[in-house]
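Enquirer: here is the input, now give the coordinates:
(6 chains)
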4 protein chains.
Amino acid sequence: MDFKKNIPIYLQIMDKLKQDISLGTLKPGEKLMSTRDFSIKLKVNPNTISRVYKELEGENIVFTKRGMGTFVVEDENILQNIKNKMADDLITTFIKDLNQLNISIDEAITKLKEMEED
Amino acid sequence: MDFKKNIPIYLQIMDKLKQDISLGTLKPGEKLMSTRDFSIKLKVNPNTISRVYKELEGENIVFTKRGMGTFVVEDENILQNIKNKMADDLITTFIKDLNQLNISIDEAITKLKEMEED
Amino acid sequence: MDFKKNIPIYLQIMDKLKQDISLGTLKPGEKLMSTRDFSIKLKVNPNTISRVYKELEGENIVFTKRGMGTFVVEDENILQNIKNKMADDLITTFIKDLNQLNISIDEAITKLKEMEED
Amino acid sequence: MDFKKNIPIYLQIMDKLKQDISLGTLKPGEKLMSTRDFSIKLKVNPNTISRVYKELEGENIVFTKRGMGTFVVEDENILQNIKNKMADDLITTFIKDLNQLNISIDEAITKLKEMEED
DNA sequence: GTGGTCTAGACCACA
DNA sequence: GTGGTCTAGACCACT
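Expert: All right, here's what the predicted structure looks like:
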């Protein structure tokens, strides 16, 4: 995993984990790597991973058992909700941006189809 | 105008101006507000407006006449390009975001059409 | 039994046992569950139960007979003291918390009476 | 300000600030000390103050203006709510604890009154 | 000058 | 072994 500049590393790691979870690569209840191991694997400071886990916990995507590790939340619905929420947010802001540029949704769809063929 | 967190204010102001220009609210050759007045209007640090004007100048969207102020360029092509570029950027990042969420363009189009009817 | 975050599990278990003892659910001289069985029942690491028993022994609430298990002490006075001590602790910390929030004891009593009627 | 052991410094600072706000020592809209200055004053690492400000922001008690500093939220209601919420939480858990110890609210009130006279 | 991020590394309580 | 907290200090973008 190599990181983009300009975007905080911890956010990039968070997004990667969310993806893994929403795609099922990480399953509900599954244990995440320990902060230390993960930090070594990604060549990143342990504090950075700590922060990732804490932020994800704040979003109710993972939870921590003291001294045991950090785990993906077990409620499958919540996980599905994460994905849906992310998707809805994406679409909504896209439409808002289109409006601001005075582009109709139809125009946008046309362009999207063009891009699809490439 | 209220600003989103996480996105630099100067970028948000830049985008707003680009919009105004591409929508014709600001016409080619028209004078922009002085940095001082604009900063007061937006309740923002004057340096921030200075930066906005400087960045826009770097993109050849405005130009500065010493002692006279800052003006929208008069080349209509450039202005058309702005609009096109903004639209393309929007679509491109949208598609990239979709990929990250593992959503196909077709799915997105379906959702867009749903939203359109509301 | 489900555990609160932020409070060590071993403390929560200790409190539960003290409660059971002071309420008579666990009687003087009665044998506690083995660390192993108790840890299985609570889905907790056996070391955690060991620590609970050791701490309770340090407070003279239980005692261990080698090879026989762990037992509630038989001195009724001690058990009565436990209850009193827990009550006093509760009241004392409650008052301290009130002070920090700048709430008078009278205000608190008023609220308590309101809640009592519900 | 000297810190208790066993309780994280950042929590103690948070509580102190919440108190100051709910008591009006810090007024709505008022700027907090800069992370650096505050860290020097409290003889604490700047990161620790950073964390305090970020956690308070997460609780909607303060907000941050980029490059400008950190400020107490301006909505007076929110601030009042903080105090009420803290008070309600306190009373509720107190009553729950009483129940667990099999102590009636009346008994508790009696004890509280005794303490009040000391 | 302001907060945000990150590294390096330490110590601690908990399991 | 696990995460939680903290120090020390660096660099950065924004105002």
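Enquirer: report the secondary structure state of residue A:63.
Expert: Classification of residue A:63 by DSSP: H, G, I helix; E, B strand; the rest coil places it in strand.
Enquirer: verify the contact between it and residue A:69 for me.
Expert: No - checked against Cβ atoms under 8 Å, the pair residue A:63 and residue A:69 is beyond contact range at 10.1 Å. For every residue, glycine as well, the C-beta is placed using N, CA and C.
Enquirer: now residue A:25: phi and psi?
Expert: Here is the backbone geometry of residue A:25 (degrees, to the nearest 10): phi -60, psi -40.
Enquirer: so in chain A, where's the weakest helix or strand by average pLDDT?
Expert: Least confident helix or strand of chain A, by mean pLDDT, DSSP states H and E, is helix A:76-100 with a mean of 83.
Enquirer: that helix: how far from the chain's middle?
Expert: Remark: helix A:76-100 is offset 12 Å from the chain centroid, using Cα atoms, centre = their mean, to the nearest Å.
Enquirer: which other helices and strands does that helix contact?
Expert: Here helix A:76-100 touches helix A:9-23, helix A:105-117, helix B:76-100, helix B:105-117, going by 3 or more Cβ pairs under 8 Å, 6 or more residues apart in numbering or on different chains; DSSP states H and E.
Enquirer: same thing but 6 Å
Expert: Here helix A:76-100 touches helix B:76-100, going by 3 or more Cβ pairs under 6 Å, 6 or more residues apart in numbering or on different chains; DSSP states H and E.
Enquirer: what's the domain layout of chain A?
Expert: When chain A is parsed with automatic domain parsing, its domains come out as A:9-74, A:77-117.
Enquirer: for the ones you listed, give me JSON lines that also has distance to residue D:87 and mean neighbour count.
Expert: Formatted as JSON lines, those follow (distance: least, Cβ to Cβ, whole Å; neighbours: other Cβ atoms under 10 Å in any protein chain shown):
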{"stretch": "domain A:9-74", "distance to residue D:87": "25", "mean neighbour count": "16"}
{"stretch": "domain A:77-117", "distance to residue D:87": "31", "mean neighbour count": "15"}
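Enquirer: which one, of those, ends up nearest to residue C:15?
Expert: Closest to residue C:15 of the domains of chain A, according to Cβ to Cβ: domain A:9-74, at 16.5 Å.
Enquirer: do that closest one and DNA strand E come into contact?
Expert: Yes - with Cβ under 7 Å from any atom of the strand as the criterion, DNA strand E is reached by domain A:9-74 at A:9-11, A:44-48, A:51, A:65-68.
Enquirer: could you identify the most distant pair in those residues?
Expert: Across the residues of domain A:9-74 next to DNA strand E, no pair lies farther apart than A:11 and A:67, at 27.4 Å, counting by Cβ to Cβ.
Enquirer: give me the pLDDT for the residue nearest to residue A:67 when sequence neighbours are not counted.
Expert: In space, and not counting its chain neighbours, residue A:67 is closest to residue C:45: 7.9 Å by Cβ to Cβ, 6 or more residues apart in numbering or on different chains. At residue C:45, the model reports a pLDDT of 88.
Enquirer: measure residue C:45 to residue A:69 for me?
Expert: Distance, residue C:45 to residue A:69, by Cβ to Cβ, to the nearest Å: 12 Å.
Enquirer: what residues does chain A have near DNA strand F?
Expert: Contact residues, chain A versus DNA strand F (Cβ under 7 Å from any atom of the strand): A:32, A:34-37, A:46-47, A:50, A:53-54, A:57, A:64, A:66-70.
Enquirer: skip the chain neighbours and tell me the closest residue to whichever residue of chain A sits closest to chain C.
Expert: Using Cβ to the nearest Cβ, the single residue of chain A nearest to chain C is residue A:66, 6.8 Å away. Distance criterion Cβ to Cβ, 6+ apart; nearest residue to residue A:66, sequence neighbours excluded, is residue C:9 at 6.8 Å.
Enquirer: and what about the residue of chain A with the smallest separation from DNA strand E, helix, strand or coil?
Expert: Here the residue of chain A nearest DNA strand E is residue A:67; by Cβ to the nearest atom of the strand that distance is 2.5 Å. For residue A:67, the assignment made with three-state DSSP gives coil.
Enquirer: ok, it to residue C:47 distance?
Expert: Separation of residue A:67 from residue C:47 (Cβ to Cβ): 10 Å.
Enquirer: list the contacts for the residue of chain A most remote from its centre?
Expert: Distance from the C-alpha centroid of chain A peaks at residue A:102, with 30.0 Å (Cα atoms, centre = their mean). Residues in contact with residue A:102 (Cβ atoms under 6 Å, 6 or more residues apart in numbering or on different chains) are residue B:23.
Enquirer: check it and give its pLDDT.
Expert: At residue A:102, the pLDDT value in this model is 82.
Enquirer: and it, helix, strand or coil?
Expert: Applying three-state DSSP: residue A:102 is coil.
Enquirer: before we move on, the earlier item: quick one: the residue nearest to residue A:66 and residue C:16 touch, right?
Expert: No - judged on Cβ atoms under 6 Å, residue C:9 makes no contact with residue C:16 at a distance of 10.5 Å.
Enquirer: okay, now the unreliable bits of chain A?
Expert: Along chain A, the model assigns pLDDT under 70 to no residue.
Enquirer: report the backbone C-alpha coordinates of the strand or helix carrying residue A:47 in CSV.
Expert: Assigned by DSSP states H and E, residue A:47 belongs to helix A:46-58. Output of helix A:46-58 as CSV, limited to C-alpha atoms (Å, rounded to 0.1, in the frame of the first residue of the first chain):
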residue,chain,number,x,y,z
PRO,A,46,1.9,2.7,15.5
ASN,A,47,0.1,5.8,16.6
THR,A,48,-1.2,6.3,13.1
ILE,A,49,-2.9,2.9,13.2
SER,A,50,-4.1,3.6,16.7
ARG,A,51,-5.8,6.6,15.4
VAL,A,52,-7.4,4.7,12.5
TYR,A,53,-8.8,2.1,14.9
LYS,A,54,-10.1,4.8,17.2
GLU,A,55,-11.8,6.8,14.4
LEU,A,56,-13.4,3.6,13.0
GLU,A,57,-14.6,2.8,16.5
GLY,A,58,-16.2,6.3,16.6
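Enquirer: and it, what does it pack onto?
Expert: helix A:9-23, helix A:35-42.
Enquirer: between the ones you listed, which one is nearest to residue A:95?
Expert: Using Cβ to Cβ, the helices and strands packed on helix A:46-58 put helix A:9-23 closest to residue A:95, at 22.0 Å.
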